Every structure is written in structure tokens, then in C-alpha cells.
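Colleague: Sharing a model prediction with you, sequence too.
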Amino acid sequence: MLIDPVEDWLDVLDKTEFKPDTDASHVYQSYRFASLDIDDVSVENYREKLVGSLADQVEMFLPPSGSFETPDLQRYLKLVSTYETSTTDLMLGLSLADQIRLTFSDMKTSTICDRYPDIGLAEKRRYRCVAEYLIRQGELSKLRDGNGKLIKKIGNMQKAVVLYRPLPKLLETLKRSGLAHLIKKCQEPLLVGSQNGK
């Protein structure tokens, strides 16, 4: 039986080597972060400062259910903002999150390994972290069976890997970001009952 490892976000924050770019004026950022000054966000005012979907995402980490204080919240926001900032795509200047959104915009269930067969192990881990972010945003889900257990397949490294199913909100985000013209046309209908992303 395959066990679903739960990502410990505080652990991710401790292990990341992310360093913010001091000059972000030349890079693309999604609407969630484009006009946000993360240093102004606190555990008291996050609802007023963040767009609704992002506020909903961080709420689980804040008291009383979570243990984030303001510095933890700001570190988390800085980390996930890198997912929405232009990265290695020099042609289009797309963020890593938008690259994954576009890759899955055909609405077909797949794995990170299948969609990105040529990337290295370190980069696959980053792609999986961004996929977890998109799950929390309600744009991807992990494929599950009727009992709620994860359905996995053997990937190209001979390890069991998660299958990701795109959700309609993924297309909405691409349209809102002005990327509708890049959405893949070959789409399959979503199956009811397999959209639970957590």
C-alpha cells in the first residue's frame, strides 16, 4: 500500500535556499503578487492585503489552527511568490506556476514526470512544490480512488508518482493572467468524485 507523504511547509521554508531578487521591476509576476508588498502583510491584516484565494490558502497556517507568526507568514509568501515569478522560460518569461498551468491546460490527468521528462531530480522537487501550491489554490488535484486513496503510477525513475488532475480554476487563472491564447485546445471532461486535492 502506497503512503501519501504530507508536505511539512515549515520544513520546506527551513530547507529552501530562496533569496529574493532585489530588483523585481523587470520580471513578470501574477496578479496575486504584482501589487503586493509582502513586508506590509501581517497575521492581523492578511485578509485586507491578500487576494481572496491567497488569503484562504494561508489561513490554515495561522492561529488558532496553525502556528505561523508574521515573520513565518512573510517567509511563506516570499517563497510561494517565486512560483509566480518568471523563472527559466526565457522565450515567454512565464512563471513556473504558469508553465505548469499551461502544461496541464489540456485538462488531462498526468504526472510531473510525464509532462517534464527531461528535467533533473532537483527541478522535479521544485515542480512538485509548485504543484502542491496549485492544489492549495484549487487549480490541481491529486487523483484518488472511490475510497479517497491516492492513485499512483510508476514513473520514469521506477518510483511511484502522483497523478495530477487539472481543475476548471486553472483555466480561469490563465485567462485572468492574459494567457488564454496559450491554453491547449485538446481537453477532456473532468470526472466527478475525483477532484479532491488534499
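Modeller: Now that the structure is in, tell me what you want to look at. Numbers count the residues shown, from 1 in each chain.

Colleague: residue ranges for the helices of the protein, please.
Modeller: Secondary structure of the chain (DSSP state H): helices at 9-15, 46-49, 52-59, 70-83, 96-103, 112-115, 121-136, 168-176.

Colleague: right, so those: which one is the most enclosed?
Modeller: helix 96-103 (a mean of 22; mean count of other Cβ atoms under 10 Å). Every C-beta, even on glycine, is put in place using the N, C-alpha and C of the backbone.

Colleague: Contacts made by that helix with the rest, please.
Modeller: 30, 82-84, 87-89, 94, 115-116, 126-127, 130-131, 133-134, 139-140, 170, 173-174, 177, 179, 182-184 (Cβ atoms under 8 Å, 6 or more residues apart in numbering).

Colleague: S141 pairs with what?
Modeller: With DSSP bridges applied, S141 shows beta-bridge pairing to R165.

Colleague: For it, give its distance to A131.
Modeller: For S141, the distance to A131 equals 10 Å [Cβ to Cβ, to the nearest Å].

Colleague: and for those two, which residues touch both?
Modeller: Y164.

Colleague: Nearest to L36 among the helices of the chain would be which one?
Modeller: Nearest of these to L36, taken as Cβ to Cβ: helix 46-49 at 6.8 Å.

Colleague: pLDDT of the closest one, averaged?
Modeller: Here helix 46-49 scores 94 as its mean pLDDT.

Colleague: Stretch 93-104 now?
Modeller: Averaging pLDDT along stretch 93-104 gives 88.

Colleague: Relative to the whole chain's centre, how far out is it?
Modeller: In terms of Cα atoms, centre = their mean, to the nearest Å, the centre of stretch 93-104 is found 10 Å from the chain centre.

Colleague: Excluding chain neighbours, give the residue nearest to V130 in space.
Modeller: Sequence neighbours aside, Y83 is the residue nearest to V130 in space, at 4.6 Å (criterion: Cβ to Cβ, 6 or more residues apart in numbering).

Colleague: tell me the contacts of that neighbour?
Modeller: Counting by Cβ under 8 Å, 6+ apart, Y83 makes contact with 95-97, 129-130, 133.

Colleague: would a markdown table of the residues you listed with distance to L73 be doable?
Modeller: Output for the contacts of Y83, formatted as a markdown table (distance: Cβ to Cβ, whole Å):
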| residue | distance to L73 |
| --- | --- |
| S95 | 21 |
| L96 | 21 |
| A97 | 19 |
| C129 | 18 |
| V130 | 19 |
| Y133 | 15 |
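
Colleague: nearest to Y46, of those?
Modeller: Checking those one by one against Y46 (Cβ to Cβ), the nearest turns out to be Y133, at 16.7 Å.

Colleague: still on that earlier bit, weakest of the helices of the chain by average pLDDT?
Modeller: helix 9-15 (a mean of 55).

Colleague: Identify the residues contacting stretch 110-128?
Modeller: In this structure, residues lying in contact with stretch 110-128 by Cβ under 8 Å, 6+ apart are 96, 100, 103-104, 131, 153, 155-157, 161-164.

Colleague: Check the offset of it from the chain's centre.
Modeller: On Cα atoms, centre = their mean, the centre of stretch 110-128 falls 13 Å from that of its chain.
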